[in-house]
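K.L.:
got a sequence here, can you build the structure:
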Amino acid sequence: MDIPLTLSIVALVFATVPFVFFLLNRAVYRAPRRVAADAPLPGVSVLIPARNEAANIHAALDSVLSSPLARLEVIVLDDQSSDNTAEIVRMVARKDSRVRLEPAPPLPAGWCGKQHACHHLAGLAQFPYLIFMDADVRLAADAPARMVHFMESNQADSPRLNENGYCGPVALASGVPHQQTGTFLERLLIPLIHFLLMSYLPMRGMRNSCRLSTAAGCGQLFIARADAYRKAGGHAAIRATLHDGVKLPRAFRRAGFMTGLFDATDLATCRMYHGAGETWRGLGKNAVEGLAAPRLIGVMTLMLFCGQVLPWLILPFASGLALGFAGASGLLSLAPRLAGAAQFRQAPTGVLLHPVSIVLLLVIQWQAFFRWLMGRPNSWKGRSYTIVEPASPPKIRPTEARA
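P.N.:
Numbers count the residues shown, from 1 in each chain. Below you'll find the model as predicted:
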């Protein structure tokens with residue numbers, strides 16, 4: 001048996017599939033259209049959960065308040081911050097009546113802090129559209145209007161079939177903001193968000209059916225119809241999860257509502273994490289509910305390793321036909337990264353070191369998986385969460401971290 005040839009064929013197959021998905025998805029994953037400044041649009045409530053966000057909240061509010069929308073409110077929930085988050089919001093609210101600060105009630109047992117904050121915020125909102133955004137997100141001035149128009153333009157869609165029956169027009173949509181990166185590890189790992197989304201999610205299938213398995217989103221930025229949000233149970237339906245990006249769209253689809261995705265590169269920016277340690281912990285905190293889920297981690301490891309890493313391991317030892325196949329698979333693995341770097345304005349570091357990025361991502365997933373096996377909790381925003389069941393939806397026990 002010619003082992004290099006066999007491995008190179010395997011690599012070529014596993015590199016071709018995500019390459020084809022990327023090409024198909026580029027035609028579907030589009031930014032919402034621009035809207036005339038005087039376009040009549042429904043009102044929107046922008047909801048921001050904030051826990052120790054003094055470094056971010058002022059810039060986040062400024063970005064939202066730059067919107068020319070006539071009917072706009074911004075509600076910030078101070079989730080028991082120990083810094084001066086609340087004081088900053090009060091200062092902004094004194095200058096602009098569209099902003100108001102609300103205190104978070106105590107976190108009940110069985111709730112993730114962010115899901116509880118978003119659930120409470122939704123109950124305070126008055127407008128028919130809800131935009132949930134993290135405090136480290138910065139919106140473009142026209143982003144709220146374009147997001148609302150995206151939802152309005154998708155209301156005439158015909159019903160689609162899922163496992164539980166038919167679901168109607170888009171009631172929840174999400175976009176991945178432009179991801180700002182500073183440190184070396186950020187530049188290696190954060191761009192993989194777009195790579196995984198574009199290369200392994202069948203977006204056409206997601207739009208042509210409302211199966212739960214094709215639900216996807218980004219927890220940094222969501223827009224929802226308020227009436228559908230309440231009927232679907234909103235964040236209360238996913239109270240235990242740390243992974244709202246996947247779980248909230250599934251909750252909507254389970255309740256009979258369609259969900260969608262749009263390119264938010266020119267609508268919003270976000271720097272998720274600062275520094276190597278925060279990046280590593282942040283990507284691992286909800287991994288067991290994503291790629292590191294027990295039923296998924298083996299399959300995804302095989303697909304990512306064989307298609308994105310194996311070609312580069314074969315090249316030094318291959319010759320003849322094996323060298324050709326390995327070279328072709330290596331180029332196919334890099335093509336989505338090169339195109340993604342241009343489309344999503346990503347640093348070239350991750351492209352040049354793409355196989356290294358994939359290996360590090362897999363290490364994070366397996367580390368998270370073994371942490372779950374050992375029952376070790378994840379800490380985030382001063383709270384500790386122990387995932388006691390990885391099944392969907394996982395049950396999580398939140399407790400306040402001790403200083």
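K.L.:
every contact and neighbour count from this point should use C-alpha atoms.
P.N.:
Noted.
K.L.:
Ala54 sits in which helix or strand?
P.N.:
Assigned by DSSP states H and E, Ala54 falls within no helix or strand.
K.L.:
count the residues that sit near it.
P.N.:
As a burial measure, Ala54 scores 19 neighbours (other CA atoms under 10 Å).
K.L.:
got phi/psi on the closest residue to it other than its chain neighbours?
P.N.:
Counting by CA to CA, 6 or more residues apart in numbering, Ala54 lies nearest to Thr85, which is 4.4 Å off, once chain neighbours are set aside. Here is the backbone geometry of Thr85 (degrees, to the nearest 10): phi -50, psi -50.
K.L.:
I'd assumed Leu61 was in contact with Thr85.
P.N.:
No: using CA atoms under 8 Å as the test, Thr85 is too far from Leu61 to be in contact (11.8 Å).
K.L.:
who's in contact with the longest strand along the chain?
P.N.:
Using DSSP state E, we find that the single longest strand of the chain is strand 258-270. Outside strand 258-270, the residues within contact range by CA atoms under 8 Å, 6 or more residues apart in numbering are 29-32, 136-140, 142-143, 160, 167-180, 206-207, 210, 215-217, 249, 252-253, 344.
K.L.:
which of these fall within helices?
P.N.:
Using DSSP state H, the members of the contacts of strand 258-270 that fall in helices are 143, 206-207, 249, 252-253.
K.L.:
just the strands from the stretch 1-150 of the chain, written as ranges.
P.N.:
Assigned by DSSP state E, counting those that start in this stretch, the stretch 1-150 of the chain shows strands spanning 44-50, 72-78, 99-103, 129-133, 137-139.
K.L.:
okay, these in CSV with mean pLDDT next?
P.N.:
Output for the strands of the stretch 1-150 of the chain, formatted as CSV (pLDDT from 0 to 100):
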stretch, mean pLDDT
strand 44-50, 97
strand 72-78, 97
strand 99-103, 96
strand 129-133, 98
strand 137-139, 97
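K.L.:
with distance to Gly307 and mean neighbour count added, can I get those strands in TSV?
P.N.:
What follows is the strands of the stretch 1-150 of the chain, written out as TSV (distance: least, CA to CA, whole Å; neighbours: other CA atoms under 10 Å):
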stretch	distance to Gly307	mean neighbour count
strand 44-50	38	26
strand 72-78	43	23
strand 99-103	48	18
strand 129-133	34	24
strand 137-139	33	25
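K.L.:
want to throw the ones you listed into JSON lines with distance to Gly275?
P.N.:
Converted to JSON lines, the strands of the stretch 1-150 of the chain look like this (distance: least, CA to CA, whole Å):
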{"stretch": "strand 44-50", "distance to Gly275": "20"}
{"stretch": "strand 72-78", "distance to Gly275": "25"}
{"stretch": "strand 99-103", "distance to Gly275": "30"}
{"stretch": "strand 129-133", "distance to Gly275": "22"}
{"stretch": "strand 137-139", "distance to Gly275": "17"}
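K.L.:
closest to Ile190 out of those strands?
P.N.:
Nearest of the strands of the stretch 1-150 of the chain to Ile190, taken as CA to CA: strand 137-139 at 14.9 Å.
K.L.:
where does this protein have low pLDDT?
P.N.:
Within the chain, the set of residues satisfying pLDDT under 70 comprises 1, 156-166, 378-403.
K.L.:
and it, what are its domains?
P.N.:
Here the domain assignment for the chain is 3-25+290-377, 29-279, based on automatic domain parsing.
K.L.:
ends of the longest one, how far apart?
P.N.:
Taking CA to CA, to the nearest Å, the first and last residues of domain 29-279 lie 26 Å apart.
K.L.:
hang on, the earlier thing: got a list of what the residue nearest to Ala54 touches?
P.N.:
Here Thr85 is in contact with 50-54, 57, 78 (CA under 8 Å, 6+ apart).
K.L.:
from Asp79, how far out is it?
P.N.:
Applying CA to CA, the value for Thr85 to Asp79 is 9 Å.
K.L.:
quickly list what's touching both of the two.
P.N.:
Common contacts of Thr85 and Asp79 (CA under 8 Å, 6+ apart): 50-52.
K.L.:
can you put these in a markdown table and add distance to Gly282?
P.N.:
Shown next, in a markdown table, are those (distance: CA to CA, whole Å):
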| residue | distance to Gly282 |
| --- | --- |
| Ala50 | 17 |
| Arg51 | 16 |
| Asn52 | 16 |
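K.L.:
out of the strands of the stretch 1-150 of the chain, nearest to Met147?
P.N.:
Shortest separation from Met147 across these is recorded for strand 129-133, at 8.7 Å, computed as CA to CA.
K.L.:
same for the closest one, what does it pack against?
P.N.:
strand 44-50, strand 221-225 (3 or more CA pairs under 8 Å, 6 or more residues apart in numbering; DSSP states H and E).
K.L.:
from the chain's centroid, how far away is that strand?
P.N.:
Chain-centre distance of strand 129-133: 15 Å, with CA atoms, centre = their mean, to the nearest Å.
K.L.:
direction included, what does that strand pair up with?
P.N.:
With DSSP bridges as the test, strand 129-133 is paired with strand 44-50 (parallel), strand 221-225 (antiparallel).
K.L.:
which residue is the nearest non-sequential neighbour of the most centrally placed residue in the chain?
P.N.:
By CA atoms, centre = their mean, the chain has its centre lying nearest to Cys218, at 2.3 Å. Closest residue to Cys218 apart from its sequence neighbours, by CA to CA, 6+ apart: Gly245 at 4.4 Å.
K.L.:
right, I'll call it a day here.
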